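[1] Quick one: sequence and predicted model below, then my questions.
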Amino acid sequence: MLDLTFAIKAWIDEVARNTSTVGVNVSLSPSQNNESTTVVDLPRLRPKASGRRPSTSTGRGRHGRCQSRTVTFSDNAGSRARSRSPVKTVADLRFAKIEIRDLDGEVVFDSLPESARNLIMDLREIEDGMGIIPPLIRKEVEAASRRKLQQNHLLTTQYHLTRDEALLELQGLLRLVAGAKSCKAEEQSEAAWNTVVHYPVFQLALAGPVGRSVKPWVTTTAKIVSDVVPRTGNAESGGGTVAKLIDFCLTIEPKDPVQVENILFQQPNYQLRTFNQSMYTPLRFRPIAIAVESKIDTASSTGETQLAIWTRAWLNRMSMLLQLPYNASLSSPPLPLIRIQSHMWYVLIGYLEDNTAEQQQREQRHQDEDGFYDHESTDAPEARQLDEQEQEQEQDFDAAPTPTINSTQKKLVIVGEQIIGDTRTVIGAYKLLKSIRRLVDWAEGDFRKYIDEVVIPTATELWVPS
């Protein structure tokens with residue numbers, strides 16, 4: 001019996017020693033243990049217990065794949081940075097032959113084409129509250145706005161809606177103002193503002209006979225086709241294409257849709273089978289009269305860049321339809337653009353300015369400098385030398401062989417901006433409705449005349465076989 005007791009105790013001690021050996025080997029290299037159980041179990045435990053650094057090998061092991069993923073992520077980040085638009089600020093637009101000017105100031109206003117000056121003057125009267133309220137619902141508007149209306153606030157002509165329709169319109173404006181306040185208070189996204197406030201504004205403004213031809217479209221996915229995207233330089237010099245999306249477009253229905261279809265059918269490639277600068281279906285057969293970009297107060301930009309690029313691309317498309325080189329004179333009328341910043345709405349004017357006008361302004365600037373500086377002082381030569389260097393840089397850039405930039409290409413000037421209303425108050429919303437309707441009058445007047453009497457007939461003659 002004593003021998004059996006010693007045998008059992010020896011067997012228990014041996015089991016304990018084997019178990020202890022396996023436990024120690026978990027934190028060491030598995031090659032130090034020859035037990036079959038440890039060879040199976042150790043690889044599963046190593047990732048948690050091992051203190052070794054991951055292998056730097058580029059092979060197909062687990063750590064090699066992990067390193068490969070890290071390199072790939074870095075490469076992707078770099079490619080995203082390289083593909084980012086080179087137009088990051090308003091100042092960068094100069095490289096795409098676009099310049100933005102401030103409307104404040106007599107010189108800039110006087111430089112606008114006459115039709116643009118007349119439009120701005122009308123919009124300023126509306127902003128002053130002249131003739132914005134239909135007299136047939138004066139009391140209801142006073143109650144809703146909690147203010148006494150002045151006589152100059154009332155329309156002097158017959159309103160295009162009946163009294164019942166005008167009351168429904170007032171109810172719609174009250175909903176818009178309430179929705180805008182909610183979007184502001186809740187710090188909602190740009191998409192929410194567009195859905196709850198901005199697009200319904202267009203729907204109200206264009207309701208009834210006003211919107212029979214002019215239609216609003218949500219264009220947040222309408223991309224510019226590559227053939228007409230403005231460029232900031234050639235590929236060799238590092239310049240890249242720039243393309244911007246905008247939120248809305250107002251279009252007109254062409255007088256003869258069949259003519260438009262015939263023109264587009266003859267285009268050299270499918271991506272150009274659109275009258276405008278985008279293959280987005282609602283924009284393919286309807287000329288874009290007004291582009292609209294919206295932003296919220298916390299956005300990093302205010303929208304001028306998107307509107308400028310979009311407008312330049314549309315002008316490029318008109319040049320292609322008319323088979324004009326980029327350095328040719330395009331007789332496009334001034335183009336109103338709408339910029340929205342949460343509650344506030346603004347109009348900018350885009351128009352083409354040729355180099356002769358720019359040169360005249362430069363010469364005038366030189367004359368002003370010559371009259372200001374003392375020619376005997378050291379400041380005057382330095383100022384003129386810096387200006388000459390700037391001219392040389394401009395000449396070197398203009399001489400670069402790019403598809404879309406030419407030294408004689410007309411510059412697109414964007415002048416802004418004029419307030420046209422807001423969604424803070426009912427009175428501001430009425431200003432907004434009348435301003436949009438004034439822009440519709442322009443679209444049905446100057447713009448339609450250019451499209452129906454210049455672009456479509458000329459393009460038909462050039463593209464459609466007789």
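    Yep, that arrived.
[2] The helix or strand encompassing residue 124 - what's its average pLDDT?
    Counting by DSSP states H and E, the element that carries residue 124 is helix 114-127. If you average the pLDDT over helix 114-127, you get 96.
[3] buried sites along it?
    116, 119, 120, 122, 123, 126, 127 (16 or more other C-beta atoms under 10 Å). Using the backbone N, CA and C atoms, a C-beta is placed for each residue, glycine as well.
[4] Same question for stretch 295-313.
    For stretch 295-313, a neighbour-count test (16+ other C-beta under 10 Å) marks 295-296, 302-313 as buried.
[5] swap in stretch 139-149?
    140, 141, 144, 145, 149.
[6] cool, and stretch 97-104?
    In stretch 97-104, counting by 16+ other C-beta under 10 Å, buried: 97, 98, 99, 100, 101, 103.
[7] And stretch 156-167, by the same measure?
    Neighbour counts over stretch 156-167 (16+ other C-beta under 10 Å) mark 161, 166, 167 as buried.
[8] a helix runs through the last one, doesn't it?
    Yes. Residue 167 forms part of a helix when assessed by DSSP: H, G, I helix; E, B strand; the rest coil.
[9] Just the local confidence number for it, please.
    pLDDT, residue 167: 97.
[10] Touching, it and residue 137? I think so.
    Yes. Counting by C-beta atoms under 8 Å, residue 167 touches residue 137, with 5.9 Å between them.
[11] So for those two, which residues contact both of them?
    Common neighbours of residue 167 and residue 137, counting by C-beta atoms under 8 Å, 6 or more residues apart in numbering, are absent.
[12] Turn the buried residues of stretch 156-167 into JSON lines, columns for distance to residue 270.
    Converted to JSON lines, the buried residues of stretch 156-167 look like this (distance: C-beta to C-beta, whole Å):
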{"residue": "161", "distance to residue 270": "44"}
{"residue": "166", "distance to residue 270": "47"}
{"residue": "167", "distance to residue 270": "49"}
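[13] With respect to residue 212, which of those is nearest?
    Of all the buried residues of stretch 156-167, residue 212 sits closest to residue 161, with 14.2 Å by C-beta to C-beta.
[14] SS state for the nearest residue to residue 209 once chain neighbours are set aside?
    In this structure, residue 209 finds its nearest non-sequential neighbour in residue 160, 6.0 Å apart by C-beta to C-beta, 6 or more residues apart in numbering. Under three-state DSSP, residue 160 falls in the coil class.
[15] the strands in this structure, which residues?
    98-102, 215-218, 248-251, 288-295, 335-341, 344-353, 411-422 (DSSP state E).
[16] Report all helices and strands that the helix holding residue 124 contacts.
    When contacts are defined as 3 or more C-beta pairs under 8 Å, 6 or more residues apart in numbering; DSSP states H and E, helix 114-127 packs onto helix 106-111, strand 344-353, strand 411-422, helix 426-442.
[17] now it against strand 411-422, angle please.
    20 degrees (axes from the mean of the first three to the mean of the last three C-alpha atoms, to 10 degrees).
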